[in-house]
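S.K.: coords please:
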Amino acid sequence: MTKPYKTVIVDDHPIVSEGLQVLFSQSKDVEIIRSFKTGTALLDYGGLGKVDIILLDIFLPDINGIDLCLKIKKSYPKIIILAMSSQSERSIVLQMIKNGANGYLLKSASLDEFKSCIYKAIEGELAFSNEVKGIVQKTNIHDLKAVPRLTRREKEILLLLADGKSTQEISDALFLSYLTVQTHRRNLLSKCQVKNVAELLKFAKENAL
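M.R.: Sure thing, here's the model as predicted:
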């Protein structure tokens, strides 16, 4: 780690918010810069674009944390979001990850677990507190795939693939070289972690791409 990661807490329970601030008060890696009690307050925060990490409660008094996660990730995809909740239902965990969260912790997790999960998320791993790991281990890895963000050009090519167009036909339609279209196709397969166009189209349909 080369910098203190600017972190905000979004939780309407003071004991959680204050506890996390104390936990990281001496940390050189994680700097708690603000805390908010509502999702609206977070969205109204002018410095959101400079935030590195959000510790986000699932059940806020004004906005569903699952929907809020998706909203933030669409505008600020690089922000690391770690969900916090007292709920360990499999469907909630999966939906949060599908909406872009980088991890999921139970509020009953130890302070060491919180630290460990934050560091894992910074390293690019999906991070779960110990109890949540048990739920995830029983889950098909495909259920945990985050929906990738596609570029405008990738979306155009995906739509043409869905129409049954060949690489050459797509090349002609978009005035691109054959090699460029081939490269975009490979990137789409890689982003969606699928092996062929049939699996790509299935994945795109299931995830409203």
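S.K.: lowest confidence element among the helices and strands of the protein?
M.R.: helix 130-137 (a mean of 81; mean pLDDT, DSSP states H and E).
S.K.: Would you indicate which residues of it are buried?
M.R.: Within helix 130-137, the residues that count as buried by 16 or more other CB atoms under 10 Å are 132, 135-136. For the C-beta atoms, the positions are set from N, CA and C on the backbone; glycine is no exception.
S.K.: Quick check: most distant residue from the centroid of this protein.
M.R.: residue 172 (35.5 Å; CA atoms, centre = their mean).
S.K.: and that residue, how far is that from residue 165?
M.R.: Using CB to CB, to the nearest Å, one gets 9 Å for the distance from residue 172 to residue 165.
S.K.: now what about the strand or helix carrying residue 203, what contacts it?
M.R.: In this assignment (DSSP states H and E), residue 203 forms part of helix 197-206. With CB atoms under 8 Å, 6 or more residues apart in numbering as the test, helix 197-206 has contacts from 158, 161-162, 185, 188-189, 192, 194, 209.
S.K.: picking that back up, for the residue farthest from the centre of the chain, what are its contacts?
M.R.: Counting by CB under 8 Å, 6+ apart, residue 172 has no contacts.
S.K.: Let the chain start at 28 from now.
M.R.: Right, with 28 as the first residue, what we last looked at is residue 199.
S.K.: Low-confidence ranges, this structure, go.
M.R.: 28-29, 165-174, 235 (pLDDT under 70).
S.K.: ok, now with 80
M.R.: 28-30, 117-118, 161-176, 220, 233-236 (pLDDT under 80).
S.K.: was I right about residue 56 contacting residue 32?
M.R.: Yes - between residue 56 and residue 32 there is a contact under CB atoms under 8 Å: 6.4 Å.
S.K.: Tell me the residues that contact both of these two, please.
M.R.: By CB under 8 Å, 6+ apart, the residues touching both residue 56 and residue 32 are residue 149.
S.K.: neighbour-wise, which of those two wins?
M.R.: residue 32 (20 against 15; other CB atoms under 10 Å).
S.K.: C-alpha coordinates for the longest helix seen in the chain, PDB please?
M.R.: Using DSSP state H, we find that the single longest helix of the chain is helix 205-219. C-alpha atoms of helix 205-219 as PDB (Å, rounded to 0.1, in the frame of the first residue of the first chain):
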ATOM      1  CA  TYR A 205     -11.800  -7.100 -39.300                       C
ATOM      2  CA  LEU A 206      -8.900  -7.300 -36.700                       C
ATOM      3  CA  THR A 207     -10.500  -4.500 -34.600                       C
ATOM      4  CA  VAL A 208     -13.800  -6.400 -34.400                       C
ATOM      5  CA  GLN A 209     -12.000  -9.600 -33.500                       C
ATOM      6  CA  THR A 210     -10.200  -7.800 -30.700                       C
ATOM      7  CA  HIS A 211     -13.500  -6.400 -29.400                       C
ATOM      8  CA  ARG A 212     -15.000  -9.900 -29.500                       C
ATOM      9  CA  ARG A 213     -12.100 -11.400 -27.500                       C
ATOM     10  CA  ASN A 214     -12.500  -8.500 -25.000                       C
ATOM     11  CA  LEU A 215     -16.200  -9.200 -24.600                       C
ATOM     12  CA  LEU A 216     -15.600 -12.900 -24.000                       C
ATOM     13  CA  SER A 217     -12.900 -12.100 -21.400                       C
ATOM     14  CA  LYS A 218     -14.900  -9.500 -19.600                       C
ATOM     15  CA  CYS A 219     -17.900 -11.800 -19.300                       C
END
